[in-house]
Structures are given as C-alpha cells and as structure tokens.
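Asks: My questions concern the predicted model and sequence given below.
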Amino acid sequence: MLDRKIENELHVTAEEYPVITIIGPRQSGKTTLAKKVFPHHAYANLENPELRTLAMEDPKTFMLRYQPPVIFEEYRTHRSCFPGFRFLWMKPLN
C-alpha cells in the first residue's frame, strides 16, 4: 500500500477534533486510508440495512454498540440515519 502524505495530518486532526471526515471520489481509497491510519477504531458500514435501521430507530443503542473512536462508512450518503448524532456524540452514553 502506498503511504499518503495526508496520514500524519489525519493523526494531528484526530487529536484536535472529535469527528473528522474523509471525502473524495468513489473507489479512491478513503476507507482503506481510514482503516490504515486508525487500525484500532471500530468500523460500521451504513450500507448494511440492519445497521441503518438500528441507527434510525434506536440511535442510542447504535452509538453504544459503536463506541468512539469509530469509522462510519457511507455516513454522508446515509446521514439521515443520525438525527441526534451530534447530541449523542458530544454527551456521555452511560
């Protein structure tokens, strides 16, 4: 795998912000990059209909299942799944 110049920037940004977004064209390696830079983060693919349903119907349970730090695949496409996303992310879930 190629090393990317952005990897160090992602580490620095992740220390500064609770949420970061990697955007780019289809099949450009966004998920591969995220998994390489953050190998110990949980991973949730919102293309999975069961995960989308859980996120929409019970966002608290979804966020408890995918505790930060987490990589969300296809968040931009399915951001309507998270009506309370910002609220849940910023508050302790216990």
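Replies: Sure, I can see it.
Asks: Any chance you could list what contacts the helix ranked longest in the chain?
Replies: Criterion DSSP state H: the longest helix present in the chain is helix 6-16. For helix 6-16, the surrounding residues in contact (Cβ atoms under 8 Å, 6 or more residues apart in numbering) are I20, I22, L33, K36, V37, F38, P69. Any C-beta I mention is one placed from the backbone N, CA and C, and that applies to glycine too.
Asks: so where is the protein shaky, pLDDT-wise?
Replies: Applying pLDDT under 70 to the chain flags the ranges 1-4, 79, 81-94.
Asks: Tell me where it has strands.
Replies: Remark: strands assigned in the chain by DSSP state E are 42-45, 70-73.
Asks: Quick check: R65 vs A44, distance?
Replies: Using Cβ to Cβ, to the nearest Å, R65 is found at 8 Å from A44.
Asks: neighbour count winner among those two?
Replies: A44 (20 against 14; other Cβ atoms under 10 Å).
Asks: these two touch, right, the more buried one and P68?
Replies: No. Counting by Cβ atoms under 8 Å, A44 stays clear of P68, with 11.3 Å between them.
Asks: So what's the residue count around L33?
Replies: L33: 18 neighbours (other Cβ under 10 Å).
Asks: Mind jotting down where the helices sit in the chain?
Replies: Counting by DSSP H, the helices of the chain are 6-16, 30-37, 49-57, 59-65, 85-90.
Asks: S28 - how many residues pack around it?
Replies: Number of residues near S28 (other Cβ under 10 Å) recorded here: 11.
Asks: residues contacting it?
Replies: No contacts exist for S28 under Cβ under 8 Å, 6+ apart.
Asks: Same check on Y17?
Replies: By Cβ under 8 Å, 6+ apart, no residues touch Y17.
Asks: In a markdown table, list the helices of the chain along with distance to R76.
Replies: Putting the helices of the chain into a markdown table (distance: least, Cβ to Cβ, whole Å) gives the following:
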| stretch | distance to R76 |
| --- | --- |
| helix 6-16 | 17 |
| helix 30-37 | 10 |
| helix 49-57 | 13 |
| helix 59-65 | 17 |
| helix 85-90 | 12 |
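Asks: Before I go, just wanted to say thanks for your time.
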